[in-house]
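Student: Would you be able to build a 3D model of this:
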Amino acid sequence: MTPEMLTALRPLLAAEASAEAYACGMEPNDLEQAVWLRLLERLEADRPPADPQGWLRRAVRSEARHGRRRARLELPYRIEPADDLRPGPEQQALMGARRRALHAAVRRLPGRCPRLVAALLSPQDLTYREIAGELGISQGSLGPERSKCLGCLRRLLAPEVAAREPRG
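Tutor: Presented below is the predicted three-dimensional model:
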């Protein structure tokens, strides 16, 4: 089979592939590529088709049947793939390191701030009344005390949170 013959087959293959592709759930270019591959395999085995146009039409239809069969046998996922919303191992490790750094800074706070901020960070989600009762202070003084403690915590964490990359 000569290069001129292959060039002459290209429009026929494109037309046949575009006619069959969508009915079998394939893209025309994918169907064309599969037929070209079949033809190359035949040529490598020294078995060129006697009737290239007829062979090409039969090959397109055969590949389209294979595509329909594959489409019937392929099943969609019943279970969603990995949930992208959940943090991965790297994010969990970073969150754990941040949590440890925060709790270490809370322990370094002055006065009753460590107990107050620890109560605010508690997973039990305590109310202001419960926190005030636990610390032995009035509920009205809890807000100003909280503001003072958070200001101290901000100053403690500022050097750790600051960008560590060279500037300029």
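Student: From here on, just use CA atoms for contacts and neighbour counts.
Tutor: OK.
Student: Enumerate every residue touching Thr21.
Tutor: Let me fix one detail, which is that residue 21 is Ala and not Thr. Glu27, Pro28, Leu31, Ala64 (Cα atoms under 8 Å, 6 or more residues apart in numbering).
Student: By neighbours, which of these wins?
Tutor: The most crowded member of those, judged by other Cα atoms under 10 Å, is Leu31 (26 neighbours).
Student: Show me the shaky parts of this protein.
Tutor: 1, 79-84, 160-168 (pLDDT under 70).
Student: Distance of Ala59 relative to Leu31?
Tutor: According to Cα to Cα, to the nearest Å, Ala59 stands 10 Å off from Leu31.
Student: Ignore what I typed, I meant Thr7.
Tutor: 17 Å.
Student: Then Arg65?
Tutor: 11 Å.
Student: show me where this structure has helices.
Tutor: Taking DSSP state H as the test, the helices found in the chain are 3-24, 28-44, 52-73, 89-107, 113-120, 128-135, 142-161.
Student: Comparing the ones you listed, which comes out most buried?
Tutor: Each of the helices of the chain was scored by mean neighbour count; the highest is helix 113-120, a mean of 18, by mean count of other Cα atoms under 10 Å.
Student: Between helix 89-107 and that one, find me the angle.
Tutor: Angle of helix 113-120 versus helix 89-107, following axes from the mean of the first three to the mean of the last three Cα atoms, to 10 degrees, is 140 degrees.
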